[in-house]
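Visitor: could you look at this predicted model? Sequence included:
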Amino acid sequence: MTAQIIDGKQIASQMREEIKTKAAELTEKGVQPGLAVILVGEDPASQSYVRAKEKACENCGIYSSDNRLSADTTEEELLALIDNFNKDPKIHGILVQLPLPKHIDEGKVLLAIDPNKDVDGFHPVNVGKMVVGEKAFLPCTPHGIIQLLVRSGVQLEGAEVVVVGRSNIVGKPIANMLIQKSDTGNATVTVCHTRTKNMADHIKRADIVIAAAGGPNTVTADMVKEGAAIIDVGVNRVPDDTKKKGYRLVGDVDFECVKEKAGFITPVPGGVGPMTITMLLYNTVESAQRVADAK
Ligand SMILES: Nc1nc(=O)c2c([nH]1)NC[C@@H]1CN(c3ccc(C(=O)N[C@@H](CCC(=O)O)C(=O)O)cc3)C=[N+]21
């Protein structure tokens, strides 16, 4: 079997058209959606993500406030900036790019963001609401993954899903979302991690594999069931002299081999990444909509 490639770029651009229309309607009503993006430090990967987010806002008619702070910014300074945006009526979403420098307490920063502006869905209030199935901002990468699966016609109800990785931004939330009693849930989920025994035995039984482990070739063809849907969340830079930048991007899945066996597969780049940014725009517009509705 040769897998159907799930084109994240195309699905993302479709959704961005819908988002653009909605943003224009809100702007017309006097509530242009606004996003504050905060980056502390000069990590090159973070800089490129943040640039992509700002550009996406511009393309969708969302106002963005771009804040680049030096690596030696204090926790107090960062908390003060967040507080300003919490109070700023032009801003409906606040995104603090992770990871933060070591001298800043990430938990404290996430708690400082107004849950009603937490378009990343990382504030404990939103995490808790998600877990109990209440309406909340859903974290962008897992929400994007669900969109990719649903829009590609992959059935979630009753599916055996194996999530590889237990991070707070991907593994834990996607597992929670997929077990919810809802039409984008009702799956049976196993979460594998670095202490899992015989990870391959789990993956072999999966109808859907979500690979978010953080290393190239974590998932290989011998591990996957014929016809399974494979979602690759990995972003790994590997040295490549033939590229202008000196590296290329690969996921956590051995794409070339696995695509011969899988039913569906997402590429890296062009799979989950563009959806992550799209769901951030989606949440920002949703937040502005709530403000407009309350007027
Ligand atoms: N507070 C916070 N929220 C995040 O959502 C967040 C974060 N911190 N820290 C880092 C991760 C990573 N992340 C990505 C976003 C877009 C692509 C993306 O668009 N990737 C392109 C390729 C980009 C390239 O070529 O470098 C693709 O896969 O096609 C990837 C990764 C968001 N994150």
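Guide: Arrived safely.
Visitor: now residue 276, what's its secondary structure?
Guide: helix (DSSP: H, G, I helix; E, B strand; the rest coil).
Visitor: and the residue in the chain that the ligand sits nearest to, what does it touch?
Guide: The ligand sits closest to residue 273 of the chain, with a gap of 2.2 Å, by CB to the nearest ligand atom. Backbone N, C-alpha and C define where each C-beta goes, glycine included. Contact partners of residue 273, counting by CB atoms under 8 Å, 6 or more residues apart in numbering, are 8, 235.
Visitor: show the model's pLDDT score for it.
Guide: In this prediction, residue 273 carries a pLDDT score of 96.
Visitor: likewise for residue 32?
Guide: For residue 32, pLDDT reads 98.
Visitor: go on, residue 295?
Guide: pLDDT, read off for residue 295, is 86.
Visitor: also residue 1?
Guide: Predicted confidence (pLDDT) for residue 1: 80.
Visitor: near the ligand, which residues of this protein are found?
Guide: Counting by CB under 6 Å from any ligand atom, the chain comes close to the ligand at 48-49, 52, 95-98, 120, 140, 235, 249, 268-270, 273-274, 276-277.
Visitor: could you find the closest non-adjacent residue to the residue nearest in space to the middle of the chain?
Guide: Nearest to the geometric centre of the chain sits residue 141, at 1.7 Å (CA atoms, centre = their mean). Excluding its sequence neighbours, the residue lying closest to residue 141 (CB to CB, 6 or more residues apart in numbering) is residue 276, at 4.7 Å.
Visitor: any idea how far residue 71 is from the one you found?
Guide: Distance, residue 276 to residue 71, by CB to CB, to the nearest Å: 24 Å.
Visitor: quick check: closest non-adjacent residue to residue 154.
Guide: residue 229 is the one closest to residue 154 (CB to CB, 6+ apart), at 4.7 Å.
Visitor: contacting residues for that neighbour?
Guide: 149, 152, 154, 207-209, 262-265.
Visitor: of those residues, just say which sits nearest to residue 194.
Guide: Closest approach to residue 194 among the contacts of residue 229 (CB to CB): residue 209, at 16.7 Å.
Visitor: count of neighbours near the closest one?
Guide: 28 (other CB atoms under 10 Å).
Visitor: that older thread, quick one: buried residues of the helix or strand where the residue of the chain closest to the ligand lies?
Guide: According to DSSP states H and E, residue 273 maps onto helix 272-294. For helix 272-294, the neighbour count (16 or more other CB atoms under 10 Å) marks 272-289 as buried.
Visitor: repeat that for stretch 183-200.
Guide: Per 16+ other CB under 10 Å, stretch 183-200 contains these buried residues: 184-185, 187, 189-192, 196, 199.
Visitor: do the same with stretch 48-58
Guide: Result for stretch 48-58 [16+ other CB under 10 Å]: buried residues 49-50, 53-54, 56-57.
Visitor: go on, stretch 256-267?
Guide: Buried residues in stretch 256-267, counted by 16+ other CB under 10 Å: 258-259, 261-267.
Visitor: so which of the residues of the chain next to the ligand are in strands?
Guide: 95-96, 249 (DSSP state E).
Visitor: can you redo the residues you listed as a markdown table with neighbour count, distance to residue 222 and pLDDT?
Guide: As requested, those are arranged in a markdown table below (neighbours: other CB atoms under 10 Å; distance: CB to CB, whole Å; pLDDT from 0 to 100):
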| residue | neighbour count | distance to residue 222 | pLDDT |
| --- | --- | --- | --- |
| 95 | 25 | 39 | 98 |
| 96 | 24 | 40 | 98 |
| 249 | 18 | 24 | 95 |
